[in-house]
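Colleague: Fold the following for me, if possible:
(one chain, ligands or ions: 1)
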Amino acid sequence: MSEQTGADAARNVSADREISADGAGDDYEHHGGFPVYEPVKAGPNYGTFVETFRRLQDLMVSTHAPDDVIDRAIEQTEALVELLAPYEVPEGRSPAGFNVELPGRGSALLLPWKIEKFGEDGVRERGMFRRYHLGGNGAAHGGTLPLLFDDLFGMVIHANGRPIARTGYLHVNYRKITPIETELVVDGWVDRVEGRKAYCKAELRDLDGNLLADSEALMIQLLPGQQ
Ligand SMILES: CCCCC/C=C\C/C=C\C/C=C\C/C=C\CCCC(=O)SCCNC(=O)CCNC(=O)[C@H](O)C(C)(C)COP(=O)(O)OP(=O)(O)OC[C@H]1O[C@@H](n2cnc3c(N)ncnc32)[C@H](O)[C@@H]1OP(=O)(O)O
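Modeller: Purely as a prediction, here's the structure:
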């Protein structure tokens, strides 16, 4: 299992484990009150759809267009909302977040990073903070790093074979400026386990190996019925 890499390993683990359609043979009560998710496979162009939306998000925060262009942008955005609104579905029924081969698993909320390694010994992702994630003076917004770490820790728990957990706390040490539009790597792993409590750690580095930020989180296994 730890020999596998990236999205294939994540997909296989999810298939082997509890994310099944009917929960048959699962210890699903160990996932607290979480519903049984059936992975929703994205169509062939879903990745392009999400990437185009991300490009729009980048432009939303990096343009200063004339009023008539803004008026046209409103019209076109309203048309897009009208196009998509009829297809709104409840939680767990959209491909967003379930497709491990796509950056950010195909969710526009998540950082558009790709899973490189997914094993019991940890999860590695590679990607960039984009213009959309800018804080100030070329650095990623400080609030976007906990988003990266929190989602990573969710996957670390899953890859480690533990039931779904919620974050009790998440601590981030900002060691150096985290640049946008620069390829970076993040590694996360379970450091130690005490009953329901899994203490996880992660490190964010640039490609020269410089430590930009590290994080520690307490991931608490849910009790039956817990949301
Ligand atoms: C092809 C298919 C692909 C599918 C996708 C594939 C891969 C994806 C993989 C993974 C993704 C899957 C799922 C992700 C799902 C979830 C991850 C989301 C992570 C989050 O983002 S979630 C949001 C933020 N999170 C919250 O919204 C939590 C709000 N909260 C609560 O819901 C409760 O708080 C709860 C239930 C957590 C615990 O409540 P409780 O009542 O059961 O337990 P209690 O309070 O007794 O704590 C038990 C022990 O933890 C200690 N403890 C607690 N808190 C502490 C703290 N802050 N500091 C130090 N110690 C602490 C206590 O001291 C005690 O310790 P002790 O037992 O030693 O006394």
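Colleague: where are the low-confidence patches of the chain?
Modeller: Across the chain, the ranges flagged by pLDDT under 70 are 1-5, 14-29.
Colleague: Quick one: the helices in it, in order.
Modeller: Under the criterion DSSP state H, the chain contains helices at 6-16, 46-60, 67-84, 144-159.
Colleague: Does anything pack onto the shortest one? Which helices or strands?
Modeller: Read it as helix 6-16. strand 114-119, helix 144-159 (3 or more CB pairs under 8 Å, 6 or more residues apart in numbering; DSSP states H and E). The way it works is simple: take the backbone N, C-alpha and C, and place the C-beta from them, glycine included.
Colleague: repeat that for 7 Å
Modeller: Applying 3 or more CB pairs under 7 Å, 6 or more residues apart in numbering; DSSP states H and E, one finds that helix 6-16 contacts strand 114-119.
Colleague: Which neighbouring elements make contact with the strand it packs on?
Modeller: Checking 3+ CB pairs under 7 Å, 6+ apart, strand 114-119 ends up next to helix 6-16, strand 122-127, helix 144-159.
Colleague: Let's have the helices of the chain in CSV, adding distance to residue 207 and mean neighbour count.
Modeller: As requested, the helices of the chain are exported to CSV (distance: least, CB to CB, whole Å; neighbours: other CB atoms under 10 Å):
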stretch, distance to residue 207, mean neighbour count
helix 6-16, 18, 17
helix 46-60, 22, 15
helix 67-84, 36, 10
helix 144-159, 16, 22
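Colleague: on that earlier part again, tabulate the helices and strands packed on strand 114-119 (TSV), appending distance to residue 208.
Modeller: Formatted as TSV, the helices and strands packed on strand 114-119 follow (distance: least, CB to CB, whole Å):
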stretch	distance to residue 208
helix 6-16	23
strand 122-127	14
helix 144-159	19
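Colleague: and the ones you listed as CSV, adding distance to the ligand?
Modeller: What follows is those, written out as CSV (distance: least, CB to the nearest ligand atom, whole Å):
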stretch, distance to the ligand
helix 6-16, 4
strand 122-127, 9
helix 144-159, 3
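Colleague: Looking at the ones you listed, which is nearest to residue 51?
Modeller: strand 122-127 (12.3 Å; CB to CB).
Colleague: Relative to residue 172, which of the helices of the chain is closest?
Modeller: Of the helices of the chain, nearest to residue 172 by CB to CB is helix 144-159, at 5.5 Å.
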